[in-house]
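>>> fold the following and give me the result.
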Amino acid sequence: MKNVVIFTTLIALLALPVTQVFAAGEVVIYTGTVQWISKDAADAQAQICIDMLNDAGINNTLYDSDGDMDALANWMEDVTGDNGLDICVLYGDIPPLLYPQGNTMPDGSVGEMFIESTDGDAILNHADYMFWGLSNRNAEGGLQNMMDIPGIVMWDDNTPMIVTDEGKDISPSLPAIQSDRPFHIDQLAGDWEVEVSLAQNEAGTRADPIIVRDGDRGRLIPTIQTANGDEPKGAVAAEIIIWLMANATAVQPEGKLSTTWGDLKAVR
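Numbering: from 1, shown residues only. A predicted model of the protein is given here:
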């Protein structure tokens, strides 16, 4: 009789939609501090992103004040390790509560733990150099410590980006841009790999936007890294997020269901 109950329970689990088995992903957008984009422009682009995410049924929250840093850090800590794909969108600055300024916490920061969990969580950054920080408070060390890749940088002003076929499919709003802080594909190391390059230079050594992933852990998504440009950052971010939510979460159920099946077998 126990075997019949176990089998019936397993069939019921397999029939459940993914959203019922796993925590739904959330998106938080922070415009409280910005760099290489005005506050008004960041807020306008954030609203475009929010409207598109709402239309797609994706839960999201906007933190638009520097007084929201505590709430942002608390959210990031709360969702880390929750089995849901969560995404934080920044506009050229990383608040010190996520990564203490001056590289005083090179390992174990709230931001690093967020992208090192196997949830697949992501930080998407617009405008200035990723994790550089206002007034040069982290400089190159921010990205290097967050990725655990000594020497990786994001230089090369006015680098032409050619939209890839994948980029056209994922983000119809993405224009060909000249990136001022493109991601250096040729400096990836460790478990980091390219998940999708949406636009890149002819040599394939620089990309923007791009999704890179740390093995089975989290992601970084540099997206339109330009100085005070008027590109459609909000629309492109929303399209990337919508694609990622639709495609990346499908990887998670296998591990969760195998754990459930293991628990069921243990009660025989």
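
>>> and Arg49, how far from Pro150?
Careful, residue 49 is Cys; it's not Arg. With distances defined as C-beta to C-beta, to the nearest Å, the gap from Cys49 to Pro150 amounts to 33 Å. C-betas here are computed from N, CA, C, even on glycine.

>>> okay, the two: which has more neighbours?
Legend: neighbour count by other C-beta atoms under 10 Å for Cys49 and Pro150, higher for Cys49 (27 against 11).

>>> hang on, that one in a helix?
Yes. When classified by DSSP: H, G, I helix; E, B strand; the rest coil, Cys49 is found to be part of a helix.

>>> grab the nearest non-local neighbour of it.
Residue nearest to Cys49 in three dimensions, not counting chain neighbours: Gly234, with 3.9 Å by C-beta to C-beta, 6 or more residues apart in numbering.

>>> okay, the host helix or strand of the one you found in PDB with CA atoms only?
When secondary structure is defined using DSSP states H and E, the element that contains Gly234 is helix 233-248. Once side chains and other backbone atoms are set aside, the C-alpha atoms of helix 233-248 remain, and they are given as PDB (Å, rounded to 0.1, in the frame of the first residue of the first chain):
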ATOM      1  CA  LYS A 233      18.100  50.500 -21.200                       C
ATOM      2  CA  GLY A 234      14.700  49.800 -19.500                       C
ATOM      3  CA  ALA A 235      13.200  47.900 -22.400                       C
ATOM      4  CA  VAL A 236      16.400  45.900 -23.100                       C
ATOM      5  CA  ALA A 237      16.700  44.900 -19.400                       C
ATOM      6  CA  ALA A 238      13.000  43.800 -19.300                       C
ATOM      7  CA  GLU A 239      13.400  41.700 -22.400                       C
ATOM      8  CA  ILE A 240      16.500  40.000 -21.000                       C
ATOM      9  CA  ILE A 241      14.800  39.400 -17.700                       C
ATOM     10  CA  ILE A 242      11.700  38.000 -19.300                       C
ATOM     11  CA  TRP A 243      13.700  35.700 -21.500                       C
ATOM     12  CA  LEU A 244      15.900  34.500 -18.500                       C
ATOM     13  CA  MET A 245      12.900  33.900 -16.300                       C
ATOM     14  CA  ALA A 246      11.200  31.800 -19.000                       C
ATOM     15  CA  ASN A 247      14.300  29.800 -19.900                       C
ATOM     16  CA  ALA A 248      16.500  29.500 -16.900                       C
END
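
>>> show me what it is packed up against.
In this structure, helix 233-248 packs against helix 39-55, strand 87-90, strand 122-125, helix 165-170, with contacts taken as 3 or more C-beta pairs under 8 Å, 6 or more residues apart in numbering; DSSP states H and E.
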